[in-house]
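Trainee: Please find the sequence and the predicted model below.
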Amino acid sequence: MLSRVADSLYWMSRYMERTDGILRMLKINYASSQDDVQAFSWKPVLKIFTFLNDEEASALAHNTRGVLQYMVIDKDNPNSVLNMVTLARENGRSVQDHITKEMWQCLNDFYHTVRQEKLAEWLQKDDPITILDMLIKHGVLYFGTTDITMARGEGNSFINIGKYIERAIQSADILDVKFSDSNYDMDEAKDTTYWKYLLLSISGYELYLKTYRGGFEARNVVGQVILNDHFPRSVIYSVNRLHRYFERLKNERNVNDFNQVDFMIGKLKSKVKFSTPETIFQEGLHQFLTETKNDLYVIGKTLSQNYFSYT
Amino acid sequence: MHTSELLQSYLVDANTWDEMYANASVREQYKKAVEFMQQLSVDELNKKEELAKRLFMSQGITFTVYSSGEGIEKIFPFDIIPRIITASEWDFIEKGIKQRLRALNLFLKDIYSSQFIIKDGVMPAEMIYSCPHYLREMHNFPVPYDIYIHISGIDLIRNNDGSFYILEDNLRTPSGVSYMLENREITKRIFPDLLPNNNVRSVTEYPTILHRNLVSLSPRQTKNPTVVLLTPGIYNSAYFEHTTLARLMGVELVEGSDLVVDNHKVYMKTTSGLQKVDVIYRRVDDDFLDPLVFDANSRLGVAGIMSAYRKGNVAIVNAVGNGVADDKAIYTFVPAMIRYYLNEEPILKNVPTYHLGKDEEREHVFKNITEMVIKKTNESGGYGMLMGSAATEEEITKYKAEVLLDPRQFIAQPIISLSSAPCYMDGKLTPRRIDLRPYALCGPGGIEIVPGGLTRVALKEGSLVVNSSQGGGSKDTWVLAE
């Protein structure tokens, strides 16, 4: 497979995963904003998913429609859904002969949907959940179509590598910012709705209820989002998948490049696997999450050097 | 009744050949299709038109127009009413194009080697040496199987007596074949059963034939040679076509930066190292192909690719240097080539053409300029041309001055009235001018033409310019079986 093609598939997939994460998070936070007696603040969301500085984020923090506008269709926000879907589609467009025609049509339809002018008006006036749901469905259609139609070759591996790197970073980010909200104080953030919405935004609420019977506790939330290997958004699940798809790239022609990245993923995997909520809190949650994210960035960078360099 | 409504305003220009209408009745080949359309209400037809647009949009069969830093996706206008060609008309066209291509291919081989055609006085030497597309780099280089023109898209038009004329030979990197294929797919969707009921011949073989020909050119005797399609990249207006063809043939779509030349061999950069490339179907113009040989500023090509080509380590399709054969000034010599190389009379006629490099012809053209169309010999796509009938006094004066700077670069042709065909517009059928571009493929086994082609249509009323850059659209093109 051409290095350029692998590169495009990887980024197409990362942008789609990020889009999905942002849309779900927006939906749940919107719901939470309707459920909150005190003034709901969008600030943590803006801090995870945008490049706004503290002041700009504070200015937008209580303007729900403004946040939706900025996060979904603002062209000046590099992480807006519009920009990410455009990038995913541009990447897909340049590798149309490596993805299936159905996948390309999903990306293309999604792109035309977020670009239509009416969306701005709807986001101002209509029910945001309906609109976000519609956009989420476009993404889900892409994921399903990819799963059903994409040949299980190298291309599929790069798509999944991108997807799970992105997902692991996102889950770590969400935890990090939510806990920074409460200064990493495990006892302070005891407000149940707070945890409920965090879990809902990553589709982990039901699983939490089934796993932990004793109500909401910070250590259990951390346990689920980092360490539960049955939870598809957990860090450990994402890293396991990342490793599994990466291992498929092994062949006799690029042994050194492979081994270098394989070592890094393996190391990260064992580190997460052999952690417990207690050891994480001992080390410091922020410290742990920062290191994990760093490891993922370095893996992404090395992967890019070893597999995508073509200029 | 919708019946009369649909055809009510179909007013054919008296001096024009109409593909559907003759002597106030519908021609035999159009009868079934017209009957079918008449059964549909205006609403239904509008819905079909809408569906066609949506299908093009959703499949990304679009080109991007960049304005104020933002890309806007546009579709090439598609008219839902097919253009229909009878079996006997097709038979004639096919024979004519094959004959012409055989002569043009012999001309290229001759002009890049012994140059008998000049020595025998059939063509003056300055015709060749003044042509910017004549490439000395190709001299005395035997291309595989002596084939220069692997893929061509020759443009045909129809005069008011219904006879076919060759308008242009496109022998370099002709585009539009994906529209031949996609337009047909759209027709299948919007008019179920209409194609089989009309006995329309299929065009789906095109990518298969092309792929077979490309594989057969591999310099390496291997079961699975690496064939690639070289594109200038996603910002090229024909990018959709490049991906479509790559996908339909199952070959790798590469950009210049994906390839590298080492020791006169071409490789592509893959995730597991370098992989040798055997055949390149390039959609990059000669000028940009190799910065070491041609335009040094080009980022679209590959440094050293010409040396690999000349060493015979890689096959390039179409051959480099074909521009000398589809130059608009050389065009006038094609009938002479057919007689000279094949000893046959040309089947398809040329449009009479005047060289503005010749004083007496230039005078004649300038005197009758309102009946002429003047074109630059090395431009295409409808750029740099003057329609004498539509130009203002001022434009004519300005254009004349430009011609006098370098008359060799201009030719003139009497304005030929293109034939018209029905188009669906605002609930009615309306005649619009059309041309025809069939795609011919030449491999070691000979020339094959898929029964069909691209019919381009001038959507503006009265317009004779069908180029997509000038407000043209396209139609599905049917060739009927016997």
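Mentor: Yep, it's here.
Trainee: burial measure for B:Glu379, as a count.
Mentor: 12 (other CB atoms under 10 Å in any protein chain shown). Every C-beta, even on glycine, is put in place using the N, C-alpha and C of the backbone.
Trainee: and it, what does it touch?
Mentor: B:Met385 (CB atoms under 8 Å, 6 or more residues apart in numbering or on different chains).
Trainee: Secondary structure class of it, three-state.
Mentor: coil (DSSP: H, G, I helix; E, B strand; the rest coil).
Trainee: Could you double-check that B:Phe107 sits in contact with B:Asp326?
Mentor: No - counting by CB atoms under 8 Å, B:Phe107 does not reach B:Asp326; the two are 10.7 Å apart.
Trainee: List the buried residues in stretch B:204-215.
Mentor: Within stretch B:204-215, the residues that count as buried by 16 or more other CB atoms under 10 Å in any protein chain shown are B:Tyr206, B:Pro207, B:Ile209, B:Leu210, B:His211, B:Arg212, B:Asn213, B:Leu214, B:Val215.
Trainee: which other helices and strands contact the helix or strand of chain A with the lowest mean pLDDT?
Mentor: Ranked by mean pLDDT, DSSP states H and E, the helix or strand of chain A with the weakest confidence is helix A:192-201, at a mean of 81. Where contact means 3 or more CB pairs under 8 Å, 6 or more residues apart in numbering or on different chains; DSSP states H and E, helix A:192-201 is packed against helix A:3-33, helix A:154-181, helix A:205-211, helix A:218-222.
Trainee: re the thing from before, chain A: which of the buried residues of stretch B:204-215 is nearest?
Mentor: Checking the buried residues of stretch B:204-215 against chain A by CB to the nearest CB gives B:Pro207 as the nearest, at 11.9 Å.
Trainee: just checking, A:Leu87 is part of a helix?
Mentor: Yes - counting by three-state DSSP, A:Leu87 is located in a helix.
Trainee: Just give me the neighbour total for the residue nearest to A:Ile131 when sequence neighbours are not counted.
Mentor: Closest residue in space to A:Ile131, ignoring its immediate chain neighbours: A:Trp122 at 5.3 Å, by CB to CB, 6 or more residues apart in numbering or on different chains. Neighbour count of A:Trp122, defined by other CB under 10 Å: 16.
Trainee: Test my guess that A:Trp122 contacts A:Ile129.
Mentor: No - with contact defined as CB under 8 Å, A:Trp122 does not count as touching A:Ile129 (11.6 Å).
Trainee: Mutual contacts of those two, please.
Mentor: With CB under 8 Å, 6+ apart as the test, A:Trp122 and A:Ile129 reach no residue in common.
Trainee: ok, so what distance separates the closest residue to chain B within the stretch 201-311 of chain A from A:Phe246?
Mentor: Closest residue of the stretch 201-311 of chain A to chain B, CB to the nearest CB: A:Arg253 (4.1 Å). Noted for A:Arg253: a distance of 16 Å to A:Phe246, by CB to CB, to the nearest Å.
Trainee: neighbour count winner among those two?
Mentor: A:Phe246 (24 against 13).
Trainee: Test my guess that the more buried one contacts A:Gly162.
Mentor: No - the criterion here is CB under 8 Å, and A:Phe246 misses it with A:Gly162 at 11.0 Å.
Trainee: circling back to that earlier point, doesn't the residue of the stretch 201-311 of chain A closest to chain B fall inside a strand?
Mentor: No - applying three-state DSSP, one finds A:Arg253 to be coil, outside a strand.
Trainee: B:Phe178 contacts B:Thr244, doesn't it?
Mentor: Quick fix: residue B:178 reads Ser, not Phe. Yes - here B:Ser178 reaches B:Thr244: they are 4.3 Å apart, a contact under CB under 8 Å.
Trainee: Looking at the two, which is more packed in?
Mentor: Set B:Ser178 next to B:Thr244 and count neighbours by other CB under 10 Å: B:Thr244 wins out with 24 against 20.
Trainee: What is the burial count for B:Tyr383?
Mentor: Burial of B:Tyr383 is recorded as 11 neighbouring residues (other CB under 10 Å).
Trainee: quick revisit: nearest to B:Pro225, out of the helices and strands packed on helix A:192-201?
Mentor: helix A:3-33 (19.5 Å; CB to CB).
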